[in-house]
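# model the following, please.
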Amino acid sequence: MTDKLKQRMHEAFDQVHMPAGLAERTLARIEAERQAEAAGEPAAGPSPIAATPFAVIDGKTARRTARTHRRMPLVAALAACLTLVALGIGGVAWAWQPYAYVAIDVNPSIELGINRFDRVASTRAYNDDGERVLAAADVQGDTYEQAMASIEQALQDYLDDTSAIEVTIICDDRHAANQLEDVGTRCLDASGTGQVHCSHASEEEHHAATSAGIGVGKYRVWQELVDAGVDISADEASGMTMRELLDLAETEGVDGAHHSEKGHHGQGRGHDAK
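Predicted coordinates for the structure are as follows:
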């Protein structure tokens, strides 16, 4: 990245409100990707050759395809930077703010805000365990897939054979929401335990959960318990694990209600945590 482009990016970022250090972290990650590409280091992810079915590829074509594949993250990142500069201050604000949120509830309850360049633009912890997970994962400015892989590692100390992981997507764009769901479920269930359930929630539910100080996944089960006449506060629900909440809902005869088609989508796409 040229010094002139860096300067213009910093000038744009400096005039837009965003979490401290996010611009610097993002630019640093883009520069790291550029240096890795220049050094010829392979990109993470599946081989583009293996992903090309029914094709016969000679050695020269394979090397050219591999080089192109390695450049793709860098090209996308630089294109994003150029777009931000072209859009100006208002465009930076629009593009950099989260357009989707991904809430993760186990006992740690956390939330990631994802911007239109597939980067983590904001994070939120709803309890002490959530703060520890975010501190360990350090995902601010990461791509969404990188962030979810880091969170999967940071969650290991909180998981056992009975754990339930609830992932809730808040996004008005159905196609984008499904993509977020697919990547999130795959990363969080990398070991294939089937402990992950993913669903979609509305902006209204997201706002209500945030106001109550509880993760969206836990909030939805808590609300069902309250609607069923169970005497439990939001603070009590927030302090419980996702599995404990689901077990209580089952005992009270409302188990599974938050997995039904009740104003959200994605049923059957992720693994059911039950």
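
# all contacts plus neighbour counts: C-alpha atoms, from now on.
OK.

# tell me if I'm right that residue 120 and residue 148 touch.
No - Residue 120 lies out of contact with residue 148 (C-alpha atoms under 8 Å); the separation is 10.0 Å.

# between these two, who's got more neighbours?
residue 120 (27 against 23; other C-alpha atoms under 10 Å).

# that one in helix, strand or coil?
strand (DSSP: H, G, I helix; E, B strand; the rest coil).

# cool, and residue 112?
Secondary structure of residue 112, per three-state DSSP, is strand.

# what's the closest non-adjacent residue to it?
Closest residue in space to residue 112, ignoring its immediate chain neighbours: residue 123 at 4.7 Å, by C-alpha to C-alpha, 6 or more residues apart in numbering.

# that neighbour in helix, strand or coil?
Classified using three-state DSSP, residue 123 is strand.

# tell me the pLDDT of it.
In this model, residue 123 is scored at 97, pLDDT.

# show me where the protein has its strands.
Assigned by DSSP state E, the chain shows strands spanning 100-105, 109-114, 120-125, 165-170, 196-200.

# highest mean neighbour count out of those?
strand 165-170 (a mean of 27; mean count of other C-alpha atoms under 10 Å).

# what is the end-to-end distance of stretch 151-162?
19 Å (C-alpha to C-alpha, to the nearest Å).

# in that stretch, what's buried?
Neighbour counts over stretch 151-162 (16 or more other C-alpha atoms under 10 Å) mark 151-152, 154-155 as buried.

# how about stretch 187-196?
Under the neighbour-count rule (16+ other C-alpha under 10 Å), stretch 187-196 has 187-189, 194-196 buried.

# report the lowest-confidence entry in these.
The lowest pLDDT within those belongs to residue 194, with 83.

# any idea how far it lies from residue 181?
To residue 181, residue 194 is 14 Å away according to C-alpha to C-alpha.

# please apply the same query to residue 170.
Counting by C-alpha to C-alpha, the gap from residue 170 to residue 181 is 10 Å.

# turn the strands of the chain into CSV, including distance to residue 252.
Converted to CSV, the strands of the chain look like this (distance: least, C-alpha to C-alpha, whole Å):
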stretch, distance to residue 252
strand 100-105, 21
strand 109-114, 23
strand 120-125, 28
strand 165-170, 20
strand 196-200, 21
